[in-house]
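Enquirer: For reference, the sequence and a predicted model appear below.
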Amino acid sequence: MTPVTPATAALLLDPGPDEARRLLQRELEGSEYREPFLQRVLGWVSDLVGAAAQGGDGLGRAASVGLLLLLLGAAVLALSRLRRDPARATPAPTVFGEVRLEAAEHRASARAAYDAGRWDDAVVEAVRALAVGLVDRGLLDEQPGLTVHEVVTAAGRRFAGEREPLDGLGRRFDEVRYGDRPADEPAARSALDLEGRVAAATPGTAVTGTVGAVPR
């Protein structure tokens, strides 16, 4: 933020059009405010300040500019707090995207991705095939925002022999989709094989409680 000296304090009481724009431009140039969304907000406020500074008498102009600067300060404070609290800004990892396909379609996509050497896509699509397969077999409740943890937990309850590989697949999905850690060929092959084994296996004991929906 621009430090307020006695000289700038006097200007803030009744800044002219050029001075008001200069003050906001200095805010725009700060490295901590170079995010696209905030740039648009500051540009919008800059236009409003310019319009307010060009019209009305001195007192009304000063009041308008002062109000806009207060709004700007509040917006900067709110966004800075949001950046300092990443847990509030980052959504929980989910399995499904915008389109919910059939299990066979996700399975085919996983296989095609594997054949093309796209290991990350193969892992993601294998998990989606697993989730839809569980839903189709009545082993998992379909609800919005299903997480991979819910998918592998539900599968582990019904297929106890695969619980450890399922937990590993859940971690790999999170790493690929949300942790910027790419998968390799063995991980992709393991994901496809595990999904195939679960799809072909007979489930054991029933799932207790409600678990979740289709993963993103």
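Expert: In hand now; what should we look at?

Enquirer: can you pull the contacts of A188?
Expert: A113, Y114, W119, D120, A122, V123, A126 (Cβ atoms under 8 Å, 6 or more residues apart in numbering). All C-beta spots, glycine's among them, are computed from the backbone N, C-alpha and C.

Enquirer: what's the distance between it and A113?
Expert: Remark: distance between A188 and A113 (Cβ to Cβ, to the nearest Å) = 8 Å.

Enquirer: where does D174 land in three-state SS?
Expert: With DSSP: H, G, I helix; E, B strand; the rest coil as the basis, D174 sits in helix.

Enquirer: Which of the contacts of A188 fall within helices?
Expert: Taking DSSP state H, the ones among the contacts of A188 that sit in helices are A113, Y114, W119, D120, A122, V123, A126.

Enquirer: I'd like to know how many residues surround the third one.
Expert: Per other Cβ atoms under 10 Å, the neighbour tally for W119 reads 20.

Enquirer: Surely it touches R181?
Expert: No. Using Cβ atoms under 8 Å, W119 makes no contact with R181, being 11.3 Å away.

Enquirer: Need the overlap of contacts for A188 and A113.
Expert: Common neighbours of A188 and A113 (Cβ under 8 Å, 6+ apart) are W119, D120, A122.

Enquirer: in this protein, which spans are helices?
Expert: Under DSSP H, the chain gives helices at 6-13, 17-29, 36-54, 58-84, 86-89, 103-115, 119-136, 148-158, 163-178, 185-200.

Enquirer: Worst mean pLDDT among those helices?
Expert: Among those, helix 86-89 has the lowest mean pLDDT, at a mean of 42.

Enquirer: ok, residues contacting stretch 104-112?
Expert: Counting by Cβ under 8 Å, 6+ apart, residues outside stretch 104-112 touching it are 101, 121-126, 128-129, 132, 191-192, 195-196, 199.

Enquirer: at 10 Å instead, please
Expert: Residues external to stretch 104-112 that are found in contact with it (Cβ atoms under 10 Å, 6 or more residues apart in numbering): 96, 99-102, 118, 121-133, 136, 188, 191-192, 195-196, 199.

Enquirer: Right, I'll call it a day here.
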